[in-house]
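Trainee: Next comes the sequence, and after it the predicted model I'd like to discuss.
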Amino acid sequence: MVTAELRKLLALPTAWAGLAIGTLLAPLIVLINARYTHAALVDGTYGDVADLGLMDLGIGLIGPMVLGVVSISSEYTPTGEHSPGITQLHATLTAMPSRLRLLTAKLLALVLVVLAQAVVVATAVLTLNEILHGDFTPPLEPARIASALLYWVLLAVFSFAIALITRNGIVPLTVLIINSTFVSVSYLLTKVTDLAYYLPDIVGARMFIRGGAFAQPISPVAAGLTMTAWIALLLAIGAYLFHRRDA
Amino acid sequence: MRSVRAELLKLATLPSLRRTALLTMTATGLLRWAVGSDGPLPLTYTQAGFLIAGVLAVGSEFEAGAQIRATLLALPRRLPLLAAKAVALGLMTLPAAVSAALLCGAGMRVTGYLMATTLLAGAVTAVVRHPVTSLLPLLLVYYVATPLLRKDWLPGDPAGAGTTAAVWALAAAVVAAVVFPRRDAA
Amino acid sequence: MITIDRLSKTKGKSRILDDVSFEARPGRVTGFLGPNGAGKTSTLRVLLGLDRPDAGTALVCGTRYRDLPRPLTRIGALLDGSGAHRARSARAHLRWVAASNGIPATRADEVLETVGLTADARKRAGRYSLGMSRRLGLAAALLGNPEVLVLDEPINGLDPSGIRWMRSFLRDSAAEGRTVLLSSHLMGELAETVDDVVVIDKGRIVTSGSLAEVTDGHRTLEDAFFALTAESGASW
């Protein structure tokens, strides 16, 4: 069942785009920024040097977001041609009538793919930083790297849950990508209320990012738990709707 | 112009476009209020709505029921069809672009920029023929490449030169005009 | 009048149309028969300007489809699916199609009546059943009151009463002097409807002629069809 979902996910061109972009983008940016980063490291304006490498992972998060969204949105794309109004979901539900088991299988397939991607990207980025800025790279902290990997996976699940609730690929994908690359809406909200520090996307980053302009002190463990709680809530809502709605 | 009228009717009866317009305007207003000043910041979010509108307007042809076939049966000459689509999309976008620009205290240049953004998205979708797949490269250019590389020739900066997005839209339209007539209908 | 002249088309490595020629004449129902994947739909798509042939021409009333100024007033086509976006009502769909060819908007309601969809005219096309979608597709084909009708597998997805209705609709259209070309892989359902038969298999025309000519020496059209396509090893 998980294998079937894994195959379905990897048969999607957009999923491959997500894999390619998510895997290549972060290492690419490390290379592009190498000179500026080095200059900043030398004159001490880099910020918290402990974040070197881990900070660079952020941009690659588009990968897990795309994967999380298309894993769901592809089910709602009509198969067209011969079947007006018939979506892949009909075929999927016919093959796998228990909806909650279906969701679990989809989620597991997604987690496997994204975790593999996260490991590749983290290895690439940390190695690149070691080569480029060897003198400055902080000692490896396995716990923090593991937290970064966890953040990747959680963000994919977060995207999955949002797509599940909205039954749409375009809007969640846009909002998620803008939020992660441009100025985050969550970050803007922190200017309005400190509670915004607990929104899922920014709280999650606190698991492995030390520096940055964070007014509110949150411990990595509390950050991880908060993000997980958010995702559990959204997944529960999504699963409930998925269970109740007509296909 | 029969073809433009038909394309306008099509766009006007597409619920997802209405929802996008509503959502975009609400978000722009809220952001403007939250940021509390003029400036391009809300527009950087607002332009996403204009990207989505372009993707949906053209992408709807390639969704369920393969509407593109009905379209091509009715208007088999493909270049005039593309032109009619572009005109109709431009006409539909104009009021939204003007309102968004006014809401952010901007003027003509931003109005043109937002319209070019929608037309660029429409042209890219005419080539890619799949809504989510065509949105992805657009978002990457607008929200990753532009802020990161800070090059004048990249579209995606509402505060940048107004012509850049227009040139991109034109280039994408030329690609669509070359590719679309040569292909078998989906 | 439909004139298909030496059409060839290759997709990837396979030759899906190989020197296909035939005619469909006014006042007659022409059955374009062949197993699935024989090249029926490909031929019709080229005829309708949806796909490009590598060689040959396909003419409607002596003109290429894309050179017809208001094509829907000359030729109406039914392909699989309705061609309507799922979020649009049947009526809204027919109205834009009518507008595109300068056909009065009132025709939308008339053709909905003809195909029996008046009660569901305001329903979103995405909520239509397969049979209703086919009828909506037919309504779009009839909008311009065309002299030529092209129908790809018209009885697919229809219930028995729908099939009965379609048969008499096809006969009536031919009786009014229209050219009717329909493709099908269901021989038995069509034997009593068609006047002329064109049989295609693996991209090539196997035989064509009047129903009597083609079935000559065979018990039924179905037998003739199997006999004609058997030697090339047609599979269902």
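Mentor: The structure has been received and is ready for your questions.
Trainee: Can you name the next helix or strand after the helix of greatest length in chain A?
Mentor: Taking DSSP state H as the assignment, the helix of chain A that covers the most residues is helix A:99-132. Towards the C-terminus, the helix or strand next in line after helix A:99-132, according to DSSP states H and E, is helix A:142-166.
Trainee: quick revisit: can you give me the mean pLDDT across the longest helix of chain A?
Mentor: Taken as a whole, helix A:99-132 has a mean pLDDT of 89.
Trainee: With stretch A:148-160 instead?
Mentor: Computed over stretch A:148-160, the mean pLDDT rounds to 92.
Trainee: Can you work out which other helices and strands pack against the helix or strand of chain B with the lowest mean pLDDT?
Mentor: Ranked by mean pLDDT, DSSP states H and E, the helix or strand of chain B with the weakest confidence is helix B:146-149, at a mean of 82. Using 3 or more CB pairs under 8 Å, 6 or more residues apart in numbering or on different chains; DSSP states H and E as the contact test, the elements touching helix B:146-149 are helix A:13-32. All C-beta spots, glycine's among them, are computed from the backbone N, C-alpha and C.
Trainee: Identify each buried residue in the helix or strand following the helix it packs on, please.
Mentor: The element immediately downstream of helix A:13-32 (helix or strand, assigned by DSSP H and E) is helix A:34-42. Residues of helix A:34-42 classed as buried under the neighbour-count rule (16 or more other CB atoms under 10 Å in any protein chain shown) are A:Thr37, A:Ala40, A:Leu41.
Trainee: Which residues does the lengthiest helix in chain C contact?
Mentor: When every helix of chain C is counted residue by residue (DSSP H), the longest turns out to be helix C:160-175. Residues lying outside helix C:160-175 but in contact with it, judged by CB atoms under 8 Å, 6 or more residues apart in numbering or on different chains, are C:27-29, C:131, C:134-135, C:149, C:151, C:154-155, C:158, C:180, C:182, C:189, C:192-193, C:195.
Trainee: Of those residues, grab the buried ones for ChimeraX.
Mentor: The command below creates a ChimeraX selection of those among the contacts of helix C:160-175 that count as buried (16+ other CB under 10 Å):
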select /C:28,29,134,135,149,151,154,155,158,180,182,189,193,195
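Trainee: if we can go back for a sec, make TSV from the buried residues of helix A:34-42 and add distance to B:Leu91 and pLDDT to it.
Mentor: Rendered in TSV, the data for the buried residues of helix A:34-42 read as follows (distance: CB to CB, whole Å; pLDDT from 0 to 100):
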residue	distance to B:Leu91	pLDDT
A:Thr37	47	81
A:Ala40	49	82
A:Leu41	53	81
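Trainee: now the residues you listed as a markdown table including distance to A:Tyr198?
Mentor: Formatted as a markdown table, the buried residues of helix A:34-42 follow (distance: CB to CB, whole Å):
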| residue | distance to A:Tyr198 |
| --- | --- |
| A:Thr37 | 30 |
| A:Ala40 | 30 |
| A:Leu41 | 32 |
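Trainee: does chain A sit close to stretch C:89-104?
Mentor: No: on the criterion CB under 8 Å from any CB of the partner chain, stretch C:89-104 is out of touch with chain A, staying 11.3 Å away.
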